[in-house]
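J.: Predicted coordinates and the sequence they were generated for:
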Amino acid sequence: MLRTQKFAGILAALTLIAWVPTSNAFADAKAEITDLEHKCANSTTADELMKQCYDNSNDLVVYDMMTPREFDGADAVHTDFQNGFNAFKNPKIEFLSLHVFTDGKMGDAESVQHMTATDNSGKPIDVIFRVTDVWRKEKGEWKIIHSHISLPVDMATGKADMQSK
């Protein structure tokens, strides 16, 4: 009986020791993705955004808030982002919320972001939108393999809610 209790205690201690580094690795991965989300939001060009944040393959898919509904592959995503950077001046993004989940190899970042900017005619832009990014770690680097950017819709009017609460 004493031998069984001792074995159970040793097994529990080894399990705890094995779990602690893993939980630290998850915390590190979560911090890395959080930092990258902020770097992505602060990018000033499509080239910078793609290089720091996005997978450079044809597997990449982005659902943006503007049409068309889907951009498949790195070239299409780069063009979409370039069109966005061409349409806005001085964009500033603030995270209203950011939740990151990861197993150390894949990650999910869900956020609500507030963007202010001006369009090319000088008209102010003020929009709150949602973003879900799916991250994958390959060759030691985290890259987004899928983004879904959206606005809630007011079902009574059928219009996007640009200041969603």
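T.: Everything's here; your move. Residues are numbered from 1 along each chain as shown.
J.: For the residue most central in space within the chain, give me its contacts.
T.: In the chain, the residue lying closest to the centroid (C-alpha atoms, centre = their mean) is residue 133, at 3.3 Å. Taking C-beta atoms under 8 Å, 6 or more residues apart in numbering, we find residue 133 in contact with 37, 40, 108-109, 111, 144, 146-147. Every C-beta, even on glycine, is put in place using the N, C-alpha and C of the backbone.
J.: out of those residues, which are inside helices?
T.: Using DSSP state H, the subset of those located in helices is 37, 40.
J.: Just the contacts of residue 133: which are in strands?
T.: Among these, the ones falling in strands (DSSP state E) are 108-109, 111, 144, 146-147.
J.: Okay, now the unreliable bits of this protein?
T.: By pLDDT under 70, the weakly predicted segments of the chain are 1-23.
J.: which residues of it fall in helices?
T.: Using DSSP H, the helices of the chain run over 2-41, 46-53, 74-87.
J.: Quick check: beta-bridge partners of the residue nearest to the centre of the chain?
T.: Under DSSP bridges, the beta-bridge partners of residue 133 are residue 109, residue 147.
J.: any idea how far it is from residue 99?
T.: Here the criterion is C-beta to C-beta, to the nearest Å. By it, residue 133 lies 11 Å from residue 99.
J.: repeat for residue 114
T.: Separation of residue 114 from residue 99 (C-beta to C-beta): 16 Å.
J.: Ok, residue 92 next?
T.: Using C-beta to C-beta, one obtains 22 Å as the distance from residue 92 to residue 99.
J.: Also residue 128?
T.: For residue 128 relative to residue 99 (C-beta to C-beta), the value is 16 Å.
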